[in-house]
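Visitor: coords please:
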Amino acid sequence: MKSQRLYILCASLFFCLCLLMAVTPVRKTAGKRPPSDSKVHLLHADRLFFDERLSKTAQVLVGNVQFSHDGVLMYCDSALYYESTNSFDAFGHVHMNQGDTLLLDSEVLYYNGLDQLARARYDVVLTHGTLTIYSDSLDYDRLYELGYYFEGGRVVDHDNELTSDWGEYNPTTHEAVFNYNVRMVNPAPPAKPETILVSDTLHYNTETAIAHIVGPSNIEHEENHIYSELGYYDTQAKHSHLLNRSILTNNGKRLVADSVVWNDSVATAEAFGNIVYTDIVNKNMFTGEYCYYEDITGYVMATDSAVAIDYSQEDTMYAHADTFKVFTYNIDTDSSYNVMHGYHHLRAYRKDVQAVCDSMIYDTRDSIIIMYRDPILWQEGHQQLGEEIQIFFNGTDIDSVQVLRQALSIEKLDSIHFNQVCGHHMHSYFKDGELYLTTSVGNVFVKYYPYDDDSLMVELNHTETSLLKMFIKNKKVDHIWMPAASGIMFPIPLIPPSMYYLPNFAWFDYIRPVDKNDLFVWRPKKAGTELKESARHVAPKQKLSDIKKKRGIDSSPPTSPEPTSPTSPEGEGNQQAPLDSEAPLDPLDP
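Guide: Take a look at the predicted model:
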C-alpha cells in the first residue's frame, strides 16, 4: 500500500514535469558538431525506475540525483535519463559545476552529452568569477565554451549591471557580447547610478571590466553625455576612448572629434583630429587638431591649427593662433566669467575688423581685448598700431579702442595720400559701431588732407601739438581741435616728397587678413619695420645718505662706540645696530 502511494506521488510529480516540458521550447537539432565520445554517468539517485506512461526510453530518477560528464558535475531533485542518447532532463534545484569556477543553477536543465549542450530554464543563475548572469532561458555550449541567453537577461560584474535582450559569454576569454536594448549601469542597484550606458551592441570583458562600443551608444555621467558608435569605456577607471566623430556634451558645451579621451573620475577630455568645441551659452567655438577640456575648472586649451570663432555678434569673428587657452573664474556662481589667451602668431578676421599681433587676452568680465607685441588693427580704410592695443566692447559693439605707446593711426585716401596721426597714446570712440572721435596725447604729429565742398582734396596740413581731438562724421574727418600748435600747409601740387609721410609711417596692408581662410598664413613685417618697444623709465630709489647729505647731516659712522653698562636702560639688551649710510628707504628693498 505504501509503495502504491509512493508510485502515485511520483507519477503525479512527473505528470507536472511533463506539462512543464510541454511549454518549454523544443530542443533544436544541433548542426554538424563533433560528437562527444565520453559517456554521461549517473552517480546517484535515491530511486530509479521505468514508467512507460512517462517515457518509453527514459529512466526515471528521483531524489538527490547526480550526474557527471567530462569533469562536470550536475545535481537535481529528479531527472529523466536517456542512456541511449547520452542525455538527460533534470528538474528541481538543478546545479551544474564545471571545474569549481563555473556554476549554473536553474529549475530545469536539458543536457545533451553528445552535443555537450546544456539548456537551462527558469530562474537561471550562471556564475563565473566576478560575473553573474540572471535569466529565464540560457544555453551553455560546452564544446565552444559559450553561454548565451536570448529572452532577456541581467549580468552583474565589477559593480556593473548590464541588461539586454540577447547576451553571450565565453568563460575562457572572459568576453561577453550584448545585443538589443543594452543598458549598463554603474554602480549596480540598489546604489544610485553614476554612469549609464545605453546601446544596441556592446562587448564587455569581465577580466578588465572594459566595455567595447561597436554601435550607436549613449553614455550619461552626471551632467555629461557622450554619443559614440565606436570606442572603449573602462568601467573601473571611469575612462573612455571614443572614435569615429564621437560627441561629448555638458551644460551647453559640445566637443566633437575623430578621437576623444574622456576621464569621468576627474572630468577631463582630450580630443584629437578635426575637433569642434562649441560653447552654445557664450556663442563661441574652437576648431583645430587638438583640444583639452576640464569640466570642473572650465579650462580649455586648443592648439595645432586652432581657430577661435565668436558668433555672439551679427558678424562672426575668426581668430587663429598657435595656442588658445580659456580660464573660467567663479564657475559655480552667477558672476562666472571667462578669460581667453591666444598666443603666438595671432590673426583675426571679421568683415569690418581685422587684427594681427603676437598674443592676445580677452576678458568677458570687462568685455576687453588686449593685444600685445606688434599689434595692428584694421577697420575698413583705417589702420592703427602701437606697442599695445586695448579694445573695449559695449555688449556686442565696439565701445572704444586705446593704443598705448608709439601709437600710429593711418587712413588711406588713395594710393598716395594718407591721413596720419601719431602720438604717445591714442583713444578712439565708437557709437553704434561707427567711429566718431579720436584723441591723441603726447608728442602728436598730424598729416591731414582736408576737402572742399566739392569733395576735392585741397592741401596737406602738417601739425605738431601735445593734444589732438579729431571728430569723425559719416566715416570722414569733420573737424579737428587742438591747443597751441605749430604747423604748415602745402597746396596739393606743391607738397615736397619728404612731407607726404611721417617718419614712422608704415602701411601693412600686405599683412592684413583678407578672409577667414587667410588666417593660417603668417606674414611677418618686413625687416626694419618692426616696432621697437620704448624704454620705460623707473624713478630711482632714494638713499638715506643722499637725504642726509642734502640736509647737511654728517652720515659718517662713529669710529669707536662707547660701551654701555648691561644694567643701564641703554645697555646690551636695548642696543640698536647703526644705520647703514647706503640703506635704501624702500622697505621692500633687500
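Visitor: going forward, measure contacts and count neighbours with C-alpha atoms only.
Guide: Will do.
Visitor: Contact partners for the residue nearest to Val276 when sequence neighbours are not counted?
Guide: Among residues not flanking Val276 along the chain, Thr287 sits closest, at 4.6 Å (C-alpha to C-alpha, 6 or more residues apart in numbering). When contacts are counted by C-alpha atoms under 8 Å, 6 or more residues apart in numbering, Thr287 is found next to 274-277, 302, 305-308.
Visitor: now do Val256
Guide: 245-248, 271, 275-277.
Visitor: again, 10 Å this time
Guide: Counting by C-alpha atoms under 10 Å, 6 or more residues apart in numbering, Val256 makes contact with 226-227, 243-249, 271-278, 287.
Visitor: PyMOL command for the buried members of the residues you listed?
Guide: Here is the PyMOL command that selects the buried residues among those (16 or more other C-alpha atoms under 10 Å):
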select buried, resi 226+227+243+245+246+247+248+249+271+272+273+274+275+276+277+278+287
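Visitor: Sitting in strands, which of the contacts of Val256 do you find?
Guide: With strands defined by DSSP state E, the entries of the contacts of Val256 inside them are 226-227, 243-249, 271-278, 287.
Visitor: quick one: low-confidence parts of this structure?
Guide: For the chain, the stretches flagged by pLDDT under 70 are 1-33, 36, 533-540, 542, 554-590.
Visitor: that older thread, would you turn the contacts of Thr287 into CSV with distance to Pro216?
Guide: As requested, the contacts of Thr287 are arranged in CSV below (distance: C-alpha to C-alpha, whole Å):
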residue, distance to Pro216
Asn274, 20
Ile275, 20
Val276, 20
Tyr277, 21
Ala302, 27
Ser305, 30
Ala306, 29
Val307, 30
Ala308, 30
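Visitor: What's the local residue count around Lys526?
Guide: 10 (other C-alpha atoms under 10 Å).
Visitor: roughly how far apart are it and Asp136?
Guide: With distances taken as C-alpha to C-alpha, to the nearest Å, Lys526 is found 80 Å from Asp136.
Visitor: Asp546 - how many residues pack around it?
Guide: Taking other C-alpha under 10 Å as the criterion, the count of residues near Asp546 is 15.
Visitor: tell me which element it is part of?
Guide: Here Asp546 is covered by helix 544-550, with elements defined by DSSP states H and E.
Visitor: Kindly export that helix (C-alpha atoms) in CSV.
Guide: Taking Å, rounded to 0.1, in the frame of the first residue of the first chain, the C-alpha atoms of helix 544-550 are listed here in CSV:
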residue,chain,number,x,y,z
LEU,A,544,69.4,107.7,3.3
SER,A,545,72.9,109.0,2.7
ASP,A,546,71.7,111.3,-0.1
ILE,A,547,68.9,112.7,2.1
LYS,A,548,71.4,113.4,5.0
LYS,A,549,73.8,115.0,2.6
LYS,A,550,71.2,117.2,1.2
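Visitor: Buried ones in that helix, by neighbour count?
Guide: Taking 16+ other C-alpha under 10 Å as the basis for neighbour counts, the residues of helix 544-550 that come out buried are 544-545.
Visitor: Which residues are in contact with Ile410?
Guide: 378, 381-385, 418-422, 447, 505-507.
Visitor: From these, pick the one nearest Thr208.
Guide: Top of the list for closeness to Thr208, among those and by C-alpha to C-alpha, is Trp378 at 57.8 Å.
Visitor: So that closest one versus Cys357, what's the distance?
Guide: Distance of Trp378 to Cys357, computed by C-alpha to C-alpha: 12 Å.
Visitor: Same question for Val72.
Guide: Following C-alpha to C-alpha, the distance that separates Val72 from Cys357 is 77 Å.
Visitor: Same question for Asp304.
Guide: Taking C-alpha to C-alpha as the measure, Asp304 falls 18 Å from Cys357.
Visitor: Those two: who's more crowded?
Guide: Each of Asp304 and Cys357 has its neighbours counted (other C-alpha under 10 Å); Cys357 has more, 26 against 17.
Visitor: Find the helix or strand that the more buried one is a member of.
Guide: Applying DSSP H and E, one finds Cys357 within strand 354-363.
Visitor: okay, that strand in CSV with CA atoms only?
Guide: Taking Å, rounded to 0.1, in the frame of the first residue of the first chain, the C-alpha atoms of strand 354-363 are listed here in CSV:
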residue,chain,number,x,y,z
GLN,A,354,40.9,92.6,-38.8
ALA,A,355,43.8,92.3,-36.5
VAL,A,356,47.3,90.8,-36.2
CYS,A,357,49.5,90.5,-33.1
ASP,A,358,51.8,88.1,-31.3
SER,A,359,49.4,87.4,-28.3
MET,A,360,46.0,88.5,-27.0
ILE,A,361,43.8,88.4,-23.9
TYR,A,362,40.0,88.6,-23.9
ASP,A,363,38.3,89.2,-20.6
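Visitor: Just give me how far that strand sits from the chain centre.
Guide: Its chain's C-alpha centre and that of strand 354-363 lie 24 Å apart, by C-alpha atoms, centre = their mean, to the nearest Å.
Visitor: likewise stretch 323-336?
Guide: Counting by C-alpha atoms, centre = their mean, stretch 323-336 is centred 14 Å from the centre of its parent chain.
Visitor: One more: stretch 317-331?
Guide: 13 Å.
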